[in-house]
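*Asks:* Predicted model and sequence follow; I will ask about them next.
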Amino acid sequence: MRRKLVVGNWKMHGSRPANAELLAAVAGARPYGCDVAVCVPFVYLGEAAAQLAGTDVRWGAQDVSPHDQGAYTGEISAPMLQELGCRYAIVGHSERRAYHAENDELVAAKAQAALGRGVTPIVCVGETLAQRDAGETEAVVKRQLSAVIHTLAHCAAEMVVAYEPVWAIGTGRTATPDQAQAVHAVLRAQLHAATGRGDRMRILYGGSVKADNAQALFGMADIDGGLIGGASLKAADFIAICRAAG
Ligand code: PGA
């Protein structure tokens, strides 16, 4: 049985007072019947760590360098995330693929760097609307995932995968539960073929998950929780989504 996981992706939002309030509310609403984490901007990781220590709410980053150290101005390494107690690092989010030209190989290298330090990569895959309309959804997500599987090799079963259709992110237009389930089933089959443990791996759905659609999505056979953007910034909404998973 896979325990559900709900992860907040704060993106580039927050301020110290707002974060403190949000984290207190999320921690204060425990216990949840699922695993819960927040992926916050790098500069707030120390505060998240301090505020969430001693709770079972985990914290993580939204990106990680593929390098452990060196002359890479502006980058943050997996050893640094490990030092800050991060459980997760999102890699390959479509915003990074689109605005920072991240390709499948770089995403795979980042996942490997994270895993090498005991930080679980949440590997995002997803098609654009044009790709969906052209009937390429399966091919696109399989290609994105296969690069990571290939690089992680025998450790591939340790990652978390997030299916995030690009057309559903921040648009208010969510995939229907059936649309999401269809892609999740494809991803699980691919994971299982590669690792033999696909039935134990968690595949999250992300893209306009809200309190009122979470339950239907999380009720699907291969949807093991969510990666939540906008709704993770409002305590009541995020807590309601976590409850829908539990
Ligand atoms: P959204 O973002 O929930 O605001 O659509 C999800 C994500 O980008 O992870």
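*Replies:* Received, thanks.

*Asks:* Who are the packing partners of the helix or strand that contains Leu227?
*Replies:* Leu227 is part of strand 225-228 when elements are defined by DSSP states H and E. If contacts are counted by 3 or more CB pairs under 8 Å, 6 or more residues apart in numbering; DSSP states H and E, strand 225-228 sits against strand 5-9, strand 203-206, helix 214-218, helix 235-245. (Glycine included, C-beta is placed from N, CA and C.)

*Asks:* Could you dump these into TSV and include mean neighbour count and mean pLDDT?
*Replies:* Putting the helices and strands packed on strand 225-228 into TSV (neighbours: other CB atoms under 10 Å; pLDDT from 0 to 100) gives the following:
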stretch	mean neighbour count	mean pLDDT
strand 5-9	26	98
strand 203-206	28	98
helix 214-218	20	98
helix 235-245	21	98
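
*Asks:* between those, which gets nearest to Thr120?
*Replies:* Smallest distance to Thr120 across the helices and strands packed on strand 225-228 (CB to CB): 9.8 Å, for strand 5-9.

*Asks:* who's in contact with that closest one?
*Replies:* Residues outside strand 5-9 that contact it (CB atoms under 8 Å, 6 or more residues apart in numbering): 26, 32, 34-39, 60, 62, 88, 90, 93, 122, 160, 162, 202, 204, 206, 224-229, 232-233, 238, 241-242, 245.

*Asks:* quick one: the strands in the chain?
*Replies:* 5-9, 35-39, 57-61, 88-91, 120-125, 160-163, 203-206, 225-228 (DSSP state E).

*Asks:* a markdown table for those strands, including distance to the ligand?
*Replies:* Shown next, in a markdown table, are the strands of the chain (distance: least, CB to the nearest ligand atom, whole Å):
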| stretch | distance to the ligand |
| --- | --- |
| strand 5-9 | 4 |
| strand 35-39 | 9 |
| strand 57-61 | 13 |
| strand 88-91 | 8 |
| strand 120-125 | 7 |
| strand 160-163 | 7 |
| strand 203-206 | 4 |
| strand 225-228 | 4 |
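
*Asks:* Could you identify which of the ones you listed is most buried?
*Replies:* Highest mean neighbour count among the strands of the chain (mean count of other CB atoms under 10 Å): strand 225-228, with a mean of 29.

*Asks:* how about the nearest residue to the residue of the chain found nearest the ligand, chain neighbours excluded?
*Replies:* Closest contact between the chain and the ligand, by CB to the nearest ligand atom, is at Gly229 (2.2 Å). Once flanking residues are discounted, Gly229 sits nearest to Asn9: 5.1 Å by CB to CB, 6 or more residues apart in numbering.

*Asks:* partner residues bridging the one you found?
*Replies:* Beta-bridge partners recorded for Asn9 (DSSP bridges): Cys39.

*Asks:* circling back: tell me the phi and psi of the residue of the chain closest to the ligand?
*Replies:* The phi/psi pair for Gly229 (degrees, to the nearest 10) reads phi -90, psi -100.

*Asks:* and it, how many neighbours does it have?
*Replies:* 21 (other CB atoms under 10 Å).

*Asks:* want to throw the strands of the chain into a markdown table with distance to Leu22?
*Replies:* Below are the strands of the chain laid out as a markdown table (distance: least, CB to CB, whole Å):
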| stretch | distance to Leu22 |
| --- | --- |
| strand 5-9 | 9 |
| strand 35-39 | 8 |
| strand 57-61 | 11 |
| strand 88-91 | 17 |
| strand 120-125 | 20 |
| strand 160-163 | 21 |
| strand 203-206 | 19 |
| strand 225-228 | 13 |
